[in-house]
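Novice: The sequence isn't on hand, but the structure is:
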């Protein structure tokens, strides 16, 4: 029993041990002591609740063996029986920890019909959202002394990055999901004193990584992940708190239309230096075109909006009937907006050029000799844009383009920035040199000036 309880948890691990939320995620950065915490959590639960059924999963069998089976065999020697054929540790009080893996998407179905009070996904971002959702159906019990729960350890990146980030970082939920069911406990290597003392070189390795990898692995930044299209995006640089926009700044709107898919409208303002601020967002689904137009007008209030660019497909005669004169009967979405008093302009839908324009605006620009700022920033209230922009990934068939997906807010941003004039390079300033007749070529009056 001494082996089971050996080791003192750090403060973050202690939070993880005490959490009774329906879903608890722990981690973020590398070196935070996640695997140890998951094993210890499962052992403590098995000891404290007789007859408890626990399922601990990794994505592959080699990972499962090295990270959990071998350590648990050593730690539980003499305290629990291990069945190698079933990969189950059985405790004297009847509790069982089953260890499994889901190498393929279909492997989760081996647990269909089974019931576990506790399920743990180690390196949860290696699991797809469909796998996670199926496993939640196995997390149930008829006991009255214990509420079912799931535990996750995770780092940014991999196939499950988006759903982990949505649930635990962005806290963006569907109607069937309750925010109070989800808890996230961040952990970094600085919380893991055991590792820092035993292997200080590991910290130096993380600190020496390129900036984007360092943000993910050392700082646990969920806005950086493998395959990311806009690694330039940083909440620290690009997301700001709202401020009162000066009346003389030019304002405009952009829209990516959708009915079954979300419709996103963004409001933007341009300062005297040409920097763009996205300051408002309307993100709706299954709202009629006329109702969207009315809501946009209401939110704009007395603001002077110069123009509104919108996705070109709003000018298509969707579902219209071809008339005898060769024209179409029925109104376009753009015409429905116009009927409500909101005139639209077709956006430039050049994808690669548009994404490159976004990248240019994400880049830092000098505003003084001591200070640089991005060409674009958005207010913190634009939650869907902030969530979706860093999740864009490279298209697998065209490395210059971004893949389609949950991209309605970034599409609206692309339309907006493509509507702005192209920035020209700063003019070359030629400075007059001090007069020195000995240095002037007799035939070169241009020698008065330097480049």
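Specialist: Perfect, thanks for sending it. Quantities reported herein were computed from a predicted structural model and do not represent experimental measurements. Numbering: from 1, shown residues only.

Novice: Neighbours of residue 261, how many?
Specialist: As a burial measure, residue 261 scores 12 neighbours (other Cβ atoms under 10 Å). Every residue, glycine included, has its C-beta placed from N, CA and C.

Novice: was I right about it contacting residue 406?
Specialist: No. The pair residue 261 and residue 406 does not pass the contact test of Cβ atoms under 8 Å, sitting 9.6 Å apart.

Novice: Quick check: the gap between the nearest residue to residue 177 once chain neighbours are set aside and residue 111.
Specialist: Of all residues not flanking residue 177 in the chain, residue 167 sits nearest, at 7.5 Å (Cβ to Cβ, 6 or more residues apart in numbering). For residue 167, the distance to residue 111 equals 21 Å [Cβ to Cβ, to the nearest Å].

Novice: So the two - more neighbours on which side?
Specialist: Using other Cβ under 10 Å, the more surrounded residue of residue 167 and residue 111 is residue 167, with 23 against 19.

Novice: Next, find the distance separating that one from residue 150.
Specialist: For residue 167 relative to residue 150 (Cβ to Cβ), the value is 11 Å.

Novice: Any chance you could list residues touching both of these two?
Specialist: Listed contacts common to residue 167 and residue 150 are residue 23; contacts here mean Cβ atoms under 8 Å, 6 or more residues apart in numbering.

Novice: you'd agree the residue nearest to residue 177 is in a helix?
Specialist: Yes. According to DSSP: H, G, I helix; E, B strand; the rest coil, the state of residue 167 is that of a helix.

Novice: Give me the neighbour count for residue 421.
Specialist: By other Cβ under 10 Å, the residues close to residue 421 number 6.

Novice: typed the wrong thing, it's residue 66
Specialist: The burial count for residue 66: 13, using other Cβ under 10 Å.

Novice: roughly how far apart are it and residue 60?
Specialist: Here residue 66 is placed at a distance of 10 Å from residue 60 (Cβ to Cβ).

Novice: Straight-line length of stretch 232-251, end to end?
Specialist: One end of stretch 232-251 to the other measures 25 Å (Cα to Cα, to the nearest Å).

Novice: for it, which positions count as buried?
Specialist: 232-234, 238-240, 245, 249-251 (16 or more other Cβ atoms under 10 Å).

Novice: now what about that stretch, what contacts it?
Specialist: Against stretch 232-251 from outside (Cβ under 8 Å, 6+ apart): 215, 221, 223, 267-272, 277, 279, 303-306, 359, 362-364, 374, 376-381, 386, 389-390.

Novice: Apply the buried test to these and list what passes.
Specialist: Buried members of these, counted by 16+ other Cβ under 10 Å: 215, 221, 223, 267-269, 277, 279, 359, 362, 374, 376-379, 386, 389-390.

Novice: Would you mind giving the secondary structure of the nearest residue to residue 289 once chain neighbours are set aside?
Specialist: Among residues not flanking residue 289 along the chain, residue 336 sits closest, at 4.2 Å (Cβ to Cβ, 6+ apart). For residue 336, the assignment made with three-state DSSP gives helix.

Novice: Pretty sure residue 336 sits against residue 291.
Specialist: No. Using Cβ under 8 Å as the test, residue 336 is too far from residue 291 to be in contact (10.0 Å).

Novice: Which one of the two is surrounded by more residues?
Specialist: Ranked by neighbour count (other Cβ under 10 Å), residue 336 and residue 291 place residue 336 first, with 17 against 12.

Novice: mind listing the helices for the stretch 251-400 of the chain?
Specialist: In the stretch 251-400 of the chain, the helices defined using DSSP state H, counting those that start in this stretch lie at 289-300, 333-339, 351-362, 383-388.

Novice: Mind putting these into TSV with mean pLDDT and distance to residue 140?
Specialist: Shown next, in TSV, are the helices of the stretch 251-400 of the chain (pLDDT from 0 to 100; distance: least, Cβ to Cβ, whole Å):
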stretch	mean pLDDT	distance to residue 140
helix 289-300	96	40
helix 333-339	94	45
helix 351-362	95	44
helix 383-388	92	30
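
Novice: out of those helices, nearest to residue 97?
Specialist: Minimum separation from residue 97 across the helices of the stretch 251-400 of the chain (Cβ to Cβ) falls at helix 383-388, 35.5 Å.

Novice: what helices or strands is the closest one leaning on?
Specialist: strand 263-270, strand 276-284, helix 408-418 (3 or more Cβ pairs under 8 Å, 6 or more residues apart in numbering; DSSP states H and E).

Novice: so the last one versus strand 263-270, what angle?
Specialist: Going back to what we said before, that points to helix 408-418. Relative orientation of helix 408-418 and strand 263-270, computed by axes from the mean of the first three to the mean of the last three Cα atoms, to 10 degrees: 40 degrees.

Novice: tell me what helix 408-418 is packed against?
Specialist: If you count contacts as 3+ Cβ pairs under 8 Å, 6+ apart, helix 408-418 packs onto strand 250-256, strand 263-270, strand 276-284, strand 305-310, helix 351-362, helix 383-388.

Novice: Can you convert those into a markdown table and add a column each for distance to residue 160?
Specialist: What follows is the helices and strands packed on helix 408-418, written out as a markdown table (distance: least, Cβ to Cβ, whole Å):
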| stretch | distance to residue 160 |
| --- | --- |
| strand 250-256 | 26 |
| strand 263-270 | 25 |
| strand 276-284 | 23 |
| strand 305-310 | 34 |
| helix 351-362 | 25 |
| helix 383-388 | 16 |
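
Novice: now for these, which one comes closest to residue 128?
Specialist: Residue 128 lies closest, by Cβ to Cβ, to one member of the helices and strands packed on helix 408-418: helix 383-388, at 18.9 Å.

Novice: How far away from the center of its chain is that closest one?
Specialist: Centre-to-centre, helix 383-388 and its host chain are 8 Å apart (Cα atoms, centre = their mean, to the nearest Å).

Novice: And stretch 228-241, by the same measure?
Specialist: 11 Å.

Novice: How far does that stretch stretch from one end to the other?
Specialist: End-to-end distance (Cα to Cα), stretch 228-241: 25 Å.
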